[in-house]
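K.L.:
from the sequence below, what's the structure:
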Amino acid sequence: MKRISILLRKIGTLLLFAWFSAGAITIGVAVYAAARLFIRDARRRALFIRRCTAKGFRSITAAAGLLRLFRVRVEGSVPSAADARNTVIIANHPTLIDYVILDCILPENTTCVVSGRLLRGFMRHVISHMLYISNDLPLEDWHSLISPEDAILIFPEGTRSAHHDWKIKFRRGASNLALRLGRDIIPVRIECSERNYLGSGFLDLWVPERVPVITLSFGSRMSVPEYLEGGTPFPLAARRLTLDLEERYAAWLGTERADS
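P.N.:
Model prediction:
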């Protein structure tokens, strides 16, 4: 029975990937074209595309629950649009679908920092019109691209978590961003009950015997101005903030920092 169950869930995973691809094409062609045609204002157009994307992702996560592929659990208070305004939301990145799940539950005034290579592929027009930000851009240029009404979602690890040692190592981009823009940080912890689930990449069809549970936990808001008090040099403040974030996540996840 276990083999049959695993086989069925592998088929379900394949169907879910197909659903995701079909949705990407739909939003990338039909929704994008309609938004360009009927919505002239760039921000209203971005919010419309974000809403459509979030609805598509919600259908995917709902289907995953029905097919027993994975379940999602949320702990803590999800920030409202008003609460998220002018903040940096950071999250660790253990699975391929972390962004998909976060996009389902975060408010629509959340923009995202994305890899520059995504803005050179098929979805580049949609991503750019969602007013997402390429991590290739110099930080000095971000002021003119980000609305104070928006929260900024970033994964400080820069890629998915290293499953071989499960240690925390953050790049300084998130700290630099929060300090330069004077934004508070809202930390989100993401845990998957089955460590290697959806960790390899697109079309990873491995499924564990147990149904994975992906838990999102929202932590308390962190104020960053204190890191610059007393004339602390900016690079040192960014380093201290990054180390504090690593320590917080290491304690949260019951692991250790990568260089400890």
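K.L.:
looks like residue 31 contacts residue 51 (just checking).
P.N.:
No: Residue 31 is not in contact with residue 51 according to CB atoms under 8 Å; the separation is 9.8 Å. To be clear about C-beta, it is placed using only N, CA and C from the backbone, and glycine gets the same treatment.
K.L.:
comparing those two, which residue is more hemmed in?
P.N.:
Between residue 31 and residue 51, counted using other CB atoms under 10 Å, the more crowded position is residue 31 (18 against 12).
K.L.:
helix or strand for the residue lying closest to the more buried one once chain neighbours are set aside, which one?
P.N.:
For residue 31, ignoring the flanking residues on the chain, the nearest one in space by CB to CB, 6 or more residues apart in numbering is residue 52 at 4.9 Å. Using DSSP states H and E, residue 52 falls within helix 42-66.
K.L.:
what average pLDDT does stretch 233-247 get?
P.N.:
Averaged over stretch 233-247, pLDDT sits at 93.
K.L.:
over to stretch 19-29?
P.N.:
80.
K.L.:
what of stretch 171-190?
P.N.:
93.
K.L.:
in that stretch, which residues are buried?
P.N.:
172-179, 181, 183, 185-190 (16 or more other CB atoms under 10 Å).
K.L.:
hang on, residue 90 in a strand?
P.N.:
Yes: under DSSP: H, G, I helix; E, B strand; the rest coil, residue 90 sits within a strand.
K.L.:
could you list every residue that touches it?
P.N.:
Residue 90 is in contact with 153, 154, 155, 156, 174, 185, 186, 187, 188, 245, counting by CB atoms under 8 Å, 6 or more residues apart in numbering.
K.L.:
the spatially closest residue to the second one that is not a sequence neighbour: neighbour count?
P.N.:
For residue 154, the nearest residue in space outside its immediate sequence neighbours is residue 113; the separation is 4.3 Å by CB to CB, 6+ apart. A count of neighbours around residue 113, defined by other CB under 10 Å, yields 22.
K.L.:
same question for residue 245.
P.N.:
Using other CB under 10 Å, residue 245 is surrounded by 23 other residues.
K.L.:
now residue 23: how far from residue 57?
P.N.:
8 Å (CB to CB, to the nearest Å).
K.L.:
point me to the helix or strand that includes the nearest residue to residue 234 once chain neighbours are set aside.
P.N.:
Closest residue in space to residue 234, ignoring its immediate chain neighbours: residue 179 at 6.7 Å, by CB to CB, 6+ apart. Element membership for residue 179 (DSSP H and E) is helix 173-181.
K.L.:
show residues contacting that helix.
P.N.:
88, 90, 113, 135, 139, 142-143, 146, 152, 154, 156, 158, 183-185, 224, 227-228, 234, 237-239, 241-242, 245.
K.L.:
then stretch 217-235?
P.N.:
74-79, 87, 175, 178-180, 182-191, 237-238, 240-241, 248, 252.
K.L.:
for stretch 38-55, same thing?
P.N.:
Contacts of stretch 38-55 (CB under 8 Å, 6+ apart): 27, 31-32, 35-36, 103-104, 108-111, 126, 129-131, 147.
K.L.:
so of these, which ones are in helices?
P.N.:
Those of these mapping onto helices are 32, 35, 36, 103, 104, 126, 129, per DSSP state H.
K.L.:
so who does the spatially closest residue to residue 70 that is not a sequence neighbour touch?
P.N.:
Once flanking residues are discounted, residue 70 sits nearest to residue 212: 4.4 Å by CB to CB, 6+ apart. Going by CB under 8 Å, 6+ apart, residue 212 touches 69, 70, 71, 192, 193, 194, 197.
K.L.:
and with 10 Å instead?
P.N.:
For residue 212, the contacting residues are 64, 68-72, 95, 192-198, by CB atoms under 10 Å, 6 or more residues apart in numbering.
K.L.:
how near is it to residue 69?
P.N.:
8 Å.
K.L.:
between those two, what contacts are shared?
P.N.:
Shared contacts of residue 212 and residue 69 (CB under 10 Å, 6+ apart): 197, 198.
K.L.:
mind listing what's buried in stretch 133-147?
P.N.:
133, 134, 135, 142, 146.
K.L.:
thanks again, I'm all set now.
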